[in-house]
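# Curious how this folds, go ahead:
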Amino acid sequence: MNEALAEPLTGYQVMAVTVAVAGVVGGLVRAWVAYRARLHEEREATTRTTARVTWLIRLAEADHDLVRIVERDRDGHREVELGGRDLPKSDPTREAA
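I've put the predicted structure just below:
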């Protein structure tokens, strides 16, 4: 049998093993926290998107002459104009679309 395995660990070896185990455990905890944070951000973004779309649908269904929506978020900048039901269809921009 190997005599090196039967000898007790010295103080430095115990410290090295302890630091290595602590590093592995710390890395696993950090990865788990990052995963949970990313999951929470995605869930929050989905909830916000659902609420925004629901609000836009209600706004579009309402009887307004003209509604202009300006959104700025991490995806960029958007401007949307929703016209009422009584707008003339001879508008050149509508014909081009």
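
# Can you verify residue 77 is assigned to a helix?
No: Residue 77: not assigned to a helix; according to DSSP: H, G, I helix; E, B strand; the rest coil it is strand.

# Got phi/psi on the nearest residue to it once chain neighbours are set aside?
With sequence-adjacent residues excluded and distances taken as CB to CB, 6 or more residues apart in numbering, residue 77 is closest to residue 71, at 7.2 Å. From N, CA and C alone the C-beta is placed, and that goes for glycine too. Per-residue torsions, residue 71: phi -120, psi 140 (degrees, to the nearest 10).

# show me the contacts for residue 71.
By CB atoms under 8 Å, 6 or more residues apart in numbering, the contact set of residue 71 is 52, 77-80.

# That one and residue 23: what is the separation?
44 Å (CB to CB, to the nearest Å).

# and what of residue 81?
For residue 81, the distance to residue 23 - CB to CB - is 56 Å.

# what does residue 8 give?
Relative to residue 23, and taking CB to CB, residue 8 is found at 23 Å.

# For the helix ranked longest in the chain, name the packing helices and strands.
In terms of residue count, the longest helix belonging to the chain (DSSP state H) is helix 11-61. With contacts taken as 3 or more CB pairs under 8 Å, 6 or more residues apart in numbering; DSSP states H and E, helix 11-61 sits against strand 66-73.
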